[in-house]
Each structure stands twice: as structure tokens, then as C-alpha cells.
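> With the input below, show me the fold.
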Amino acid sequence: MTSWIAPLAPQPVRATVDLPGSKSITNRALILAALADGPSTVTGALRSRDTDLMIDALRTLGAVVESPDDDGTTVRVTPGPGRGGDVDCGLAGTVMRFVPPVAALATGRSRFDGDEHARSRPQQTILDALRALGVPVSGDRLPFVVDGTGRVRGGTVRLDASGSSQFVSGLLLSAARFDEGLVVEHVGPPVPSMPHIDMTVEMLRESGIEVETPEDSGIPNRWRVHPGAVAPVDRVVEPDLSNATPFLAAAAVTGGEVTVPRWPARTTQPGDAFRDILTSMGAEVLLTAESLTARGPEKLEGVDVDLHDIGELTPTVAAMAALAGSPSRLRGIAHLRGHETDRLAALTAELGALGCGVEETEDGLIIEPAPLHGGPWRAYADHRMATAGAVIGLVVPSVEVDDIDSTAKTLPGFATLWSAMLAGGGAR
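Numbers count the residues shown, from 1 in each chain. Sure thing, here's the model as predicted:
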């Protein structure tokens, strides 16, 4: 762990920040490429701890993954005969939930483990689903074992995915390779982060796979993937919009202006919803064909917002709310208790320690701004907690983030990018 004093912004931040590719798109593209019936290329791939863990997992299970360029952002994937092996999930939910169905299609025993924090993350839902499909699985959370037989029967599974949309996406991504395809029926409270399932469906269709969604069938909470070949696709990955949010927040909290190039006009990334949150809090947002620009107001306004579908944005929104001129209520995010850390408890503790009024509710946070002071900010090995501390530190002197290296999970070099942004001009 590297302790880091978050730099104070001596003036309104004015910068252009060019960000690397989306983690969510990159890891889905890698899974589909490994399951395809021919080689695929992923251009603009994010190279971070989470995506490198995914690449290593797929190599372990038999795929050939090569990077011909110097920075590794062009990735060539050639499917190979599936085999078992040892899979390190780190703290990556996409690895621990997307890869087990791939391992079930391989031949041999695959052993999954990861970081200590990952061993407490919810996992049983997808393992029980695989068991229901006839896959031998030992364990209910990390570490666990999948004994692949080279095929999965498929059929219908019923599960409660209210803990994470990744339980649905993880099954859908491999389902076309199951003998009978797959029907996933969710039974329980609403599934969070639905844009991520929309992303999965869109990418499946790009791979030539027939998918029926609840909107297609009129049957709520039901997804069907028909069996068939997965076509190889050469994909270009969009910038990671969730990783863009702390940089846009920097403009919002300092009354500055930050531009993010290559912001897509249409996207399934949840981070796109941050535009509306910025506007609700008094910032100005301009989207053009080339970029998105956020301009901060003299003082942010508090917000009452349901973040159920975009929960990953919560730490950034909470940091902005703590610096606003009126209270905020963040709702619909009870599922964040099962993320990299219990983000509701973590935000309550860290904002409170700096002097902010915070109340943890059944499904979110009530934030009452108050004069803040510097002090330690614990990241809990959580990349988004670390970047939230950086946002606070722009306005509050001497905020010390205890583990800035945790940002390497999705954005290696964050501290360098942050410093470049504060220096003005372009950051990349």
C-alpha cells in the first residue's frame, strides 16, 4: 500500500483528461473472444489489474491471448481447447463471476481463489446456478472448485440476482455454448446495475447470438440465450465512463472545467448517467461529437437520487455531496454492502471522520454537509473509495489516502493522471 496526500486544487481545475478503455466492456469482450469459433481482436482494451487477471484466467483455461503493441491495449484472442487450472480472481467481480461458467465448459478441474477481501464477496448465487445445470462445484464462495466436463447441459435456472447484476451477466456470456442454451429467471428484489446487463446483451448480439430480454418477451426478469456459435468480433473499446467521474467531479467541486474526449453519443455504460447527476447538482454539461465537458458552479447543490442502477458511481457522488451547499440523499444502493468493501459503511466512516454529517440508512446514505478537516482516508482496498478521497482532497487540505495503489484495479497511474489534471492542459 502507498499512502498519498491528496493534492489540493489551488484554483478551479481546467484540463482535458483522456482516459483508457472501459473495464466492463474489455472483460466482456475477452470472455466472448475466448468462447468464439475463431480469433478476435480487442482494440483500446483497458490494461489494469482486473483486466490482466481476466487475461491470465482465460490463458489458464486454454485461450491464447497476445498483445502485439507496446502498451498492451490491442489484444488478440485465439480460442483453444478448454482445460482446467488455477484461477486468481484478485478482487475482480467479473473474474470470479464470469469465468466459472467458462471453466464449466472446459475439461478438467479449475480452482478459484483471490484476495482476502474477495473471499467475503457474494458468490453462491452463480455457483448454485451452475450446480442446477449439472456442473460439479465445490464451495459457496472463494476458494471454490469447478470440475468441467467439456459441456454444460443448459436449460432454465432460477436465481436471486438482487446482490449483483454480474450473476446474470456471468451466465448469459457463456450460455450460447451450452447444449440447450439458457433461460435465466430472476426471483427476488430488483436486480441492481441493469445497464451492465444491457451491455452484456448488446455484446452478445454483436457476436451473432440470439438473446431475448424481458422487453422482447414481455416476461419480467427473464432472459433467454439460444444455443449457437459465438462469432469472432473485432471490437474497439470505449473510454471508461465510470473512471471519468472523479475527474468530472474535480470540475464540479472546484468550479472548474474538465473535458473527456471520445465520450460516446450512445452507450450502455452506467457512467453515462453521471451527466444527469452533475446537472442535478448545479453543474453545466456539454456533450458534443468529440467530447464531454463539465463546468462546475460556484457551489454544488445537494441531490436526492436513486443510484440503484448506477451504484458504482456512489463514492464519487457521496464525495460531491459532502462538499455541496445542502443535504443529499443517496438511495437504492443496499447492494453496495457486497462490493469490493461495504461501501456504505466505508463512506459513513470516512466522511464522518473528516467532519461530515452522514447517516447510513437501510438502502443508502443521508449526507449533511459540514465544515471538513483533513485527516486519514481509508480506501479499504477499494479503487472507488480511493478516488473519492482524492475528490475530497481537492478542497480539503491534508486528506491522506492510505492506499492509492488500489486504483490500479481499473485505472493504473491514477495519481499521475490526477496530478497532470491539476497542472492543467492535457492528461492521458
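> Give me the residues contacting stretch 301-310.
Taking contacts as C-beta atoms under 8 Å, 6 or more residues apart in numbering, the residues outside stretch 301-310 that touch it are 190, 192-195, 270-271, 273-274, 277, 280-282, 313-314, 317, 321, 324-333, 335, 364, 367, 369. Just so you know, the C-beta spots here come from the backbone N, C-alpha and C atoms, and that holds for glycine as well.
> Just the buried residues from these, in ChimeraX please.
In ChimeraX, a selection of the buried entries from the contacts of stretch 301-310 looks like this (16 or more other C-beta atoms under 10 Å):
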select :192,193,194,195,270,271,273,274,277,280,281,282,313,314,317,321,324,328,329,330,331,332,333,335,364,367,369
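> Give me the subset of the contacts of stretch 301-310 lying in helices.
Counted as lying in helices by DSSP state H, out of the contacts of stretch 301-310, are M194, P195, F274, I277, S280, T314, V317, A321.
> The first one against Q166, yeah?
No - at 12.0 Å, M194 and Q166 do not qualify as touching, with contact defined as C-beta atoms under 8 Å.
> I am assuming R158 contacts V183, so please confirm or correct that.
No - in terms of C-beta under 8 Å, R158 does not count as a neighbour of V183; the distance is 9.1 Å.
> so where's the stretch 301-428 of the chain uncertain?
Along the stretch 301-428 of the chain, the model assigns pLDDT under 70 to residues 425-428.
> List the pairing partners of the host helix or strand of E400 within its sheet, with orientation.
Element membership for E400, per DSSP states H and E: strand 399-401. The partner list of strand 399-401 in its sheet, established with DSSP bridges, is strand 4-5 (antiparallel), strand 375-377 (parallel).
> which outside residues touch the last one?
It stands for strand 375-377. With C-beta under 8 Å, 6+ apart as the contact definition, strand 375-377 has outside contacts at 6, 350, 353-354, 385, 389, 392-393, 398-402.
> switch to 7 Å and redo it
E350, A353, L354, G389, V399, E400, V401, D402 (C-beta atoms under 7 Å, 6 or more residues apart in numbering).
> Strands along the stretch 201-350 of the chain, start to end?
With DSSP state E, counting those that start in this stretch as the criterion, the stretch 201-350 of the chain has strands at 211-212, 222-225, 235-236, 257-261, 284-287, 291-295, 304-306, 328-331.
> From the contacts of strand 375-377, list just the buried residues.
With neighbours counted using 16+ other C-beta under 10 Å, the contacts of strand 375-377 contain these buried positions: E350, L354, G389, V399, E400, V401, D402.
> for the fourth one, what are its contacts?
Meaning V399. Under the criterion of C-beta under 7 Å, 6+ apart, the neighbours of V399 are A6, G374, G375, W377, G389, I392, G393.
> Against E298, how distant is the last one?
The reference is to G393. Distance check for G393 against E298: by C-beta to C-beta, to the nearest Å, it reads 20 Å.
> List the ones among the contacts of V399 that fall in helices.
Residues from those lying in helices, with DSSP H as the criterion: G389, I392, G393.
> isn't L171 right up against L127?
No - here L171 does not reach L127: they are 11.1 Å apart, not a contact under C-beta atoms under 7 Å.
> Looking at those two, which one has more neighbours?
Taking other C-beta atoms under 10 Å, L171 and L127 do not tie; L171 has more neighbours (28 against 23).
> A strand includes the more buried one, no?
No - note on L171: no strand contains this position according to DSSP: H, G, I helix; E, B strand; the rest coil, which reports helix.
> Please report the distance of it from V225.
Here the criterion is C-beta to C-beta. By it, L171 lies 8 Å from V225.
> what is in contact with these two at once?
When contacts are counted by C-beta under 7 Å, 6+ apart, L171 and V225 have L182 as shared neighbours.
> And this structure, what are its domain boundaries?
Taking automatic domain parsing as the domain assignment, the record places the domains of the chain at 4-20+238-427, 23-226.
> Could you pull out the helices in the protein for me?
With DSSP H as the criterion, the chain has helices spanning 23-35, 49-60, 93-105, 124-132, 166-175, 194-206, 214-217, 241-254, 274-280, 314-322, 343-353, 383-393, 414-423.
> now the fifth one, how far from the chain's geometric center?
Shown here is helix 166-175, whose average C-alpha point lies 15 Å from the average C-alpha point of the whole chain (C-alpha atoms, centre = their mean, to the nearest Å).
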